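Engineer: got a predicted structure plus its sequence, pasted below:
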Amino acid sequence: MITVERQPKVPITDIEQSAFCRTDESLEAKPLIEEFKAKVEWQPLPKDYMGLKPDELSDRIAVARAKLGDQLMILGHHYQRDEIIKFADYRGDSYLLSQYAAKQKEAEYVVFCGVHFMAETADILTGPNQKVILPNMKAGCSMADMAPTEDALDAWADLSAVVLDGLIPVTYMNSTADIKALCGRNEGIVCTSSNATEAFQWAFRRGEKILFFPDQHLGRNTSLKLGIPVEEMVVWNPFKPLGGLTEDEIRNSKVILWQGHCSVHTRFTVKQINEAREKFPDVQVVVHPECVQEVVEAADMDGSTEFIIKVVEDAPAGSVFGIGTEINLVSRLAKENPDKTIFSLDPVVCPCATMYRIHPAYLAWVAEGLVAGKVANQITVNEDTAHYARLALEQMLSLKRG
Ligand code: 13P
Ligand code: SF4
């Protein structure tokens, strides 16, 4: 059991989150050498890629892609830049992309334009002869980084000594492969924001208590939807002995929430929602469930990335939406739905600083490398971890989507 209190450690990806924030509207890519001025960790690239303009990079990616043909499949998360998403064979949220990866058995190379945990998941779900590539190895996720594997394993061991029976581990997709494997080994499940409710219901059919990694907000918002009061939820602080909880608090809880959050979605506030309603009395406010409880409660609707897209696309012309999710998606929705008024609740343009690290120079570099027979930035999960993580992922893929 952990007995020593440790110094809280903020992941570097969280500290770097505001590096790309700006007050002008433009999200257009600049040559990588200019973007390197943002104070974040970047994977170094060969010099000849650094000064290329976005148009030149675009042409080179197109050429490499044409040469590779069916050997290459590009997956793109909706939070990617426009200069990247235009090359995606499939775009989706975490859930859809994991489904595409599981179904895809042909392409030899799967280039994942998203973040590290997504590429790991794709490696687990694709076949043994397929190679998954993450264009920039520094594209992690601050939320996933808030649950280092060692801390999660310690927490599971500590909790298992207190709760002898009926504790089910559930992890959000945004976590390491090791944590997914912990869930697979212990009859748990993975979920995404589009099926968290179903995953929690699934878990409560098998046990009495859930340990949820690593997003306390998605965990809390999902539990509230299932009628679990906040009094029956506790937050596990990985820096404190026994998560900062007493044994009684743990025994009396129904949901134990890991103390993690998304650095992008926790920027949205109730004040922003009130201001949007003052400016546009007929606005519909739609937010992602990684936002804090007060924001989700103040919004008109909440749901996964695909849910938000569907709500906007299905709405009649003239509708007004204030949206609380990643800015690349919001600005794309605004462009693709010119007959509606669509804006971000946050007046500061603040892309996810890890998703944003997939600059087109990295996509050009990995694609041209493949043409030359060089596989760079391959993501591989060891077979034992992959086996158990796959169990928890397959359990998720067999749930009915909400
Ligand atoms: P979804 O793709 O499940 O909507 O999650 C959003 C997100 O933050 C991905 O990192
Ligand atoms: Fe991670 Fe949040 Fe970025 Fe998604 S949006 S990759 S959860 S930091």
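Structural biologist: Yes, it's here. Numbering: from 1, shown residues only. Ligands and ions are numbered 1, 2, ... in the order given.
Engineer: not counting sequence-adjacent ones, nearest residue to S26?
Structural biologist: Among residues not flanking S26 along the chain, V349 sits closest, at 7.9 Å (CB to CB, 6 or more residues apart in numbering). Where you see a C-beta, it was placed from the backbone N, CA and C, and this is true even at glycine.
Engineer: surely the one you found and E28 touch.
Structural biologist: No - using CB atoms under 8 Å, V349 makes no contact with E28, being 11.4 Å away.
Engineer: for the closest residue in space to D24 that isn't next to it in sequence, what are its contacts?
Structural biologist: Spatial nearest neighbour of D24, excluding adjacent residues (CB to CB, 6+ apart): V349 at 7.0 Å. With contact taken as CB atoms under 8 Å, 6 or more residues apart in numbering, V349 is in contact with 21-27, 327.
Engineer: list the contacts of the spatially most central residue of the chain.
Structural biologist: Nearest to the mean C-alpha position of the chain, by CA atoms, centre = their mean, lies N174 at 5.0 Å. By CB under 8 Å, 6+ apart, N174 lies in contact with 94, 117, 141, 143-144, 214-215, 262.
Engineer: looking at these, which one is closest to E56?
Structural biologist: C141 (29.5 Å; CB to CB).
Engineer: what about the closest one, neighbour count?
Structural biologist: By other CB atoms under 10 Å, 26 other residues sit near C141.
Engineer: tell me which parts of the chain are close to ligand 1?
Structural biologist: The chain has residues 93-95, 141, 174, 192-194, 262, 290, 304-305 near ligand 1, with proximity defined as CB under 6 Å from any ligand atom.
Engineer: so which bits of the helix or strand encompassing I210 are buried?
Structural biologist: Using DSSP states H and E, I210 maps to strand 209-213. By 16 or more other CB atoms under 10 Å, the buried positions in strand 209-213 come out as 209-213.
Engineer: okay if I get those as CSV plus distance to M233?
Structural biologist: Compiled in CSV, the buried residues of strand 209-213 are given as follows (distance: CB to CB, whole Å):
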residue, distance to M233
K209, 11
I210, 10
L211, 11
F212, 9
F213, 14
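Engineer: with adjacent residues omitted, what lies nearest to the residue of the stretch 51-200 of the chain found nearest ligand 2?
Structural biologist: Among the residues of the stretch 51-200 of the chain, C141 lies closest to ligand 2, at 3.3 Å counting by CB to the nearest ligand atom. Leaving aside its sequence neighbours, C141 sits nearest to V115 (CB to CB, 6+ apart; 4.5 Å).
Engineer: P46 now?
Structural biologist: W365 (7.1 Å).
Engineer: now the one you found, what's its secondary structure?
Structural biologist: helix (DSSP: H, G, I helix; E, B strand; the rest coil).
Engineer: count residues in the vicinity of it, would you?
Structural biologist: The number of residues near W365, taken as other CB under 10 Å, comes to 26.
Engineer: contacts only, for it.
Structural biologist: Applying CB under 8 Å, 6+ apart, the residues contacting W365 are 45-46, 49, 135, 376.
Engineer: got it, and F343?
Structural biologist: 276, 321-323, 330, 334.
Engineer: kindly recompute the last result at 10 Å.
Structural biologist: F343 is in contact with 276, 279-280, 283, 320-323, 330-331, 333-334, counting by CB atoms under 10 Å, 6 or more residues apart in numbering.
Engineer: what is the mean pLDDT for the helix or strand that contains it?
Structural biologist: Taking DSSP H and E as the definition, F343 sits inside strand 341-344. For strand 341-344, the mean per-residue pLDDT is 98.
Engineer: check whether that strand contacts ligand 2.
Structural biologist: No - Strand 341-344 is not in contact with ligand 2 by CB under 6 Å from any ligand atom; minimum separation 13.4 Å.
Engineer: okay, buried residues for that strand please.
Structural biologist: In strand 341-344, counting by 16+ other CB under 10 Å, buried: 342-344.
Engineer: any idea how far it is from the chain center?
Structural biologist: Centroid separation between strand 341-344 and its chain, computed with CA atoms, centre = their mean, to the nearest Å, is 22 Å.
Engineer: list the pairing partners of it within its sheet, with orientation.
Structural biologist: Its sheet considered, strand 341-344 pairs with strand 320-324 (parallel) by DSSP bridges.
Engineer: which parts of the partner strand are buried?
Structural biologist: Applying 16+ other CB under 10 Å to strand 320-324 flags 320-324 as buried.
Engineer: tell me how far A364 lies from P169.
Structural biologist: Separation of A364 from P169 (CB to CB, to the nearest Å): 40 Å.
Engineer: sorry, wrong one. I was asking about I323.
Structural biologist: Taking CB to CB as the measure, I323 falls 32 Å from P169.
Engineer: and V234, that's in a helix?
Structural biologist: No - V234: not assigned to a helix; according to three-state DSSP it is strand.
Engineer: residues touching it, list them.
Structural biologist: 243-246, 249-250, 252-257.
Engineer: most widely separated two among those residues?
Structural biologist: G244 and K254 (18.0 Å).
Engineer: hang on, the earlier thing: got the CA positions of the strand holding F343 in PDB?
Structural biologist: The C-alpha coordinates for strand 341-344 follow below in PDB (Å, rounded to 0.1, in the frame of the first residue of the first chain):
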ATOM      1  CA  THR A 341     -24.100  30.500 -36.900                       C
ATOM      2  CA  ILE A 342     -21.500  28.400 -35.100                       C
ATOM      3  CA  PHE A 343     -19.000  29.700 -32.600                       C
ATOM      4  CA  SER A 344     -16.700  28.500 -29.800                       C
END
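Engineer: now the residue in the chain sticking out farthest from the centre: which helix or strand?
Structural biologist: Relative to the centre of the chain, and counting by CA atoms, centre = their mean, the farthest-placed residue is D248 at 33.0 Å. Element membership for D248 (DSSP H and E) is helix 247-252.
Engineer: is the following helix or strand past that helix positioned near ligand 2?
Structural biologist: Later in the chain than helix 247-252, the nearest helix or strand by DSSP H and E is strand 255-258. No - contact of strand 255-258 with ligand 2 (CB under 6 Å from any ligand atom) is absent, the minimum separation being 13.3 Å.
Engineer: list the buried residues in whichever strand or helix holds L159.
Structural biologist: Secondary structure assigned from DSSP H and E places L159 in helix 149-162. For helix 149-162, burial by neighbour count (16+ other CB under 10 Å) applies to 151-152, 155-156, 158-159, 162.
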